[in-house]
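Participant: Could you look at this predicted model? Sequence included:
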Amino acid sequence: MIKLHGFSASNYYNVPKLALLEKGIAFEEVLSYTGVGPKYKPEYLDKSPLGKVPAIETAEGYLSESRAILDYIERVHPTPPLLPDSPFDAAKVQELAQFIELYFELAARRMIPNLLSGTEPNPAVLQEFETNISKATVALAKLSTFESFAYGEQFTLADIAAILNLPIVRSVGKRFLNEDPLSKVPGLDGYCARMEERPHVKTIRADAAADQAGFMAHLKELYGI
Ligand SMILES: N[C@@H](CCC(=O)N[C@@H](CS)C(=O)NCC(=O)O)C(=O)O
């Protein structure tokens, strides 16, 4: 059985977790927070060379990087598929998932420490976030209408990327810019509401909420935050 290492408050951890849940694959969760090194789980570096979450443990060995993990899961457990059959459509799904990760998640990620610690971000970082997100938001509407799913007529890896990452961008915007930078994306509000109703997305949210106190306690112990 696949072992999934990481913690439920992590959006990256939740990427393979949601894929496994949607596919109905049994897996075991093994708790590992970030910050591995001499003071915390040094052995985790054998699973994920930079100590990043998630990593999976398979019969053949360890694998890190959520994108590679998704690819492995899709090949080992092809049904139900999280990619369309058509090579072009499958690539469009990957395009959208990568777009969301690179131009939304990574832009917001720089301010997650501020969200967690209740501190103000560096003004230059905030300015860069605002500029980059407003460009990316216009472009996002060209890649998806968010009418039913993020791409096409089935739940795919693009939906996993969208529902696990875009809400974080909205939270960062609301907290530090006093506005939701994604409020003008047509269809997105209804889409997010529909995705939040999916049973496995609800599980992800409930598990993330249940893990929040443990994650914060870990940060306090390791970094004094
Ligand atoms: N590219 C990686 C990113 C994973 C990532 O950044 N995970 C965060 C937790 S949400 C982490 O491990 N942060 C600790 C660190 O970067 O040292 C992936 O797709 O798996």
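Facilitator: It's in.
Participant: State the mean pLDDT of the helix or strand where Phe176 lies.
Facilitator: Assigned by DSSP states H and E, Phe176 belongs to helix 157-177. The pLDDT scores in helix 157-177 average 97.
Participant: How far away from the center of its chain is it?
Facilitator: 9 Å (C-alpha atoms, centre = their mean, to the nearest Å).
Participant: Any idea how many residues pack against the closest residue to Met111 other than its chain neighbours?
Facilitator: Residue nearest to Met111 in three dimensions, not counting chain neighbours: Pro121, with 4.7 Å by C-beta to C-beta, 6 or more residues apart in numbering. C-betas here are computed from N, CA, C, even on glycine. By the criterion of other C-beta atoms under 10 Å, Pro121 has 19 neighbours.
Participant: List the contacts of Pro121.
Facilitator: 110-111, 114, 129, 176 (C-beta atoms under 8 Å, 6 or more residues apart in numbering).
Participant: rerun at 7 Å
Facilitator: Neighbouring residues of Pro121 by C-beta atoms under 7 Å, 6 or more residues apart in numbering: 111, 114, 176.
Participant: Next, format those residues as a markdown table and append neighbour count and distance to Met195.
Facilitator: Output for those, formatted as a markdown table (neighbours: other C-beta atoms under 10 Å; distance: C-beta to C-beta, whole Å):
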| residue | neighbour count | distance to Met195 |
| --- | --- | --- |
| Met111 | 23 | 23 |
| Asn114 | 17 | 26 |
| Phe176 | 19 | 24 |
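Participant: coming back round to it: would you agree the residue nearest to Met111 falls within a strand?
Facilitator: No - checked against DSSP: H, G, I helix; E, B strand; the rest coil, Pro121 lies outside a strand; its state is coil.
Participant: ok, it to the ligand distance?
Facilitator: For Pro121, the distance to the ligand equals 18 Å [C-beta to the nearest ligand atom, to the nearest Å].
Participant: Distance from the helix or strand of the chain with the lowest mean pLDDT to the middle of the chain?
Facilitator: None of the helices or strands of the chain scores lower by mean pLDDT, DSSP states H and E than helix 112-117, at a mean of 90. Relative to its parent chain, helix 112-117 has a centroid offset of 16 Å by C-alpha atoms, centre = their mean.
Participant: could you dump the contacts of Pro121 to JSON lines with distance to Ile225?
Facilitator: Output for these, formatted as JSON lines (distance: C-beta to C-beta, whole Å):
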{"residue": "Met111", "distance to Ile225": "15"}
{"residue": "Asn114", "distance to Ile225": "11"}
{"residue": "Phe176", "distance to Ile225": "18"}
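Participant: List just the nearest of the residues you listed to the ligand.
Facilitator: Distance to the ligand across these (C-beta to the nearest ligand atom) is lowest for Met111, with 13.5 Å.
Participant: Before I go, just wanted to say thanks for your time.
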